[in-house]
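>>> Next input, structure requested:
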Amino acid sequence: MDHSAARASAGTPAAALREPGQLHAVLVLAGSTGGIGAHVRSLAEGLVAHGVQVTVCGPDGTDTLHGFSRTGARFHPVEITPTAGARSDAAAIGELRRAFTGADVVHAHGMRAGLLSDLALRTAGRFPGLRPQTPLVVTSHHAMLATGMERRLQRLMERRVVRAADLVLGASSDLVARARELGATDARLGPVAAPPLPAATLQRAAAREALLGSGPATGEPSAEDRPVVLAIGRLVPQKSFDLLLDAVPRFAPGGDDPLVLLAGDGPERQALKTRIAAEKLPVDMLGYRTDIPDLLAAADVVVLSSRWEARSLVVQEAMRAGVPVVSTSVGGVPELVGDAAVLVPPGDAAALGTAVRDLLRNPARRAELAEAGRQQALTWPDEAATVAQVLSTYDELVQRA
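Alright, predicted model coming up:
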């Protein structure tokens, strides 16, 4: 189904399009430019391949970015805002009710999507074709990291959603434990597999030349010799890129200042850019990039400085590509990487800087970690296994309902 055809079907009730006996799953997400959107796209594509009728509900821009319609799923625009609003929430709940007509299972990704999906289902009995007993699955992708009053509100929402859901899937073990602590009826691990990256279009030398240039400036190492440290992610507080900048002065392995590449965009962009200029740090801000395989081909080390992560897609991509990883030991990262990455305490700029410097000084250790990372990646569930697990839970819940 092409993009325009899938959009055109948004006004047609899903129940009218399904075949007899066909499972109808509705996937719901709020705005996402990163891992959640990629995961939902992967699920939609895999479920469609298994013969499931899939409807994806989310803000209009998510379909443009992630291409849900191109998977064979039907896309139903629903403007789920990041924060609550009486009018916006009422409108979103109304659209979700329409999308849920004839659904066998609703699967919300994230707590905001879970809250609005639950509210839509709770009022389902008033609308033809909607069933209050439709199972609700919620995947918890993130820890709640806000502070003050916002933190209290987030905790209240989290508690309500996990108790309302028939099943909570946690992207990491700590999220599963948190859901159980808050009173979830059923909480299980639901790993999020990183979709395979396309092959790099550039070999290492060409990728480095494209980023560093072909000739050295006076007093600087050549592009061939200069170490490259890569960080990728949304420029938001969770990713702690300020911690990365704190650590950068410690990266120099003995005279050659590494070039630090920061790929991503977000609300902290200007503040980080201002700090880099003021402190004259060897950091290039690349903005949002789609050529991640080429960036990985050029990198000597990938750094994750986050306050929290579940199963970091960046770490998965780096280890599959054979690039050594230095990461803060947070959330689901330790269980993801095992012994195949260097872990440091969160918030410790000295430890992060020292770990990167030591790796840059030791090519043999980098090669050892590169191979260990590839081997560790073979132990992770792939997209097919993730889709099979989710489909199995749908069947279980539908039979129970």
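
>>> going forward, measure contacts and count neighbours with C-alpha atoms only.
OK.

>>> all strands for the stretch 101-250 of the chain, in order.
Secondary structure of the stretch 101-250 of the chain by DSSP state E, counting those that start in this stretch: the strands cover 105-109, 136-140, 167-170, 187-189, 228-232.

>>> could I get those as CSV with distance to Ala206?
Formatted as CSV, the strands of the stretch 101-250 of the chain follow (distance: least, CA to CA, whole Å):
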stretch, distance to Ala206
strand 105-109, 39
strand 136-140, 40
strand 167-170, 40
strand 187-189, 41
strand 228-232, 14
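
>>> which parts of stretch 346-358 are buried?
Using 16 or more other CA atoms under 10 Å as the test for burial, stretch 346-358 gives Pro346, Gly347, Ala349, Ala350, Ala351, Leu352, Gly353, Thr354, Ala355, Val356, Arg357, Asp358.

>>> Next, the first one: secondary structure please.
Under the three-state scheme (DSSP: H, G, I helix; E, B strand; the rest coil), the conformation of Pro346 reads as coil.

>>> Now that it has come up, it's in contact with Glu309, right?
No - in this structure Pro346 lies outside contact range of Glu309 using CA atoms under 8 Å: 11.2 Å.

>>> what touches both of those two?
Val330 (CA atoms under 8 Å, 6 or more residues apart in numbering).

>>> pLDDT wise, what is Gly85 at?
Note for Gly85: predicted pLDDT of 88.

>>> Low-confidence stretches in the stretch 251-400 of the chain?
Within the stretch 251-400 of the chain, the stretches with pLDDT under 70 are 253-256.

>>> so where's the stretch 51-200 of the chain uncertain?
Looking along the stretch 51-200 of the chain with the criterion set at pLDDT under 70, you get 124-132, 145-147.

>>> Please enumerate the helices of it.
Applying DSSP state H, counting those that start in this stretch to the stretch 51-200 of the chain gives helices spanning 60-66, 86-100, 111-122, 148-164, 173-181.

>>> The last one packs against which elements?
Put plainly, it is helix 173-181. strand 167-170, strand 187-189 (3 or more CA pairs under 8 Å, 6 or more residues apart in numbering; DSSP states H and E).

>>> what would those look like in CSV with distance to Ile232 and mean neighbour count?
Below are the helices and strands packed on helix 173-181 laid out as CSV (distance: least, CA to CA, whole Å; neighbours: other CA atoms under 10 Å):
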stretch, distance to Ile232, mean neighbour count
strand 167-170, 23, 26
strand 187-189, 25, 21
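
>>> Could you dump those into JSON lines with distance to Arg204 added?
JSON lines is the format used below for the helices and strands packed on helix 173-181 (distance: least, CA to CA, whole Å):
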{"stretch": "strand 167-170", "distance to Arg204": "37"}
{"stretch": "strand 187-189", "distance to Arg204": "37"}
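
>>> hang on, the earlier thing: mind putting the helices of the stretch 51-200 of the chain into a markdown table with mean neighbour count and distance to Pro282?
What follows is the helices of the stretch 51-200 of the chain, written out as a markdown table (neighbours: other CA atoms under 10 Å; distance: least, CA to CA, whole Å):
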| stretch | mean neighbour count | distance to Pro282 |
| --- | --- | --- |
| helix 60-66 | 17 | 31 |
| helix 86-100 | 19 | 43 |
| helix 111-122 | 23 | 38 |
| helix 148-164 | 17 | 35 |
| helix 173-181 | 19 | 35 |
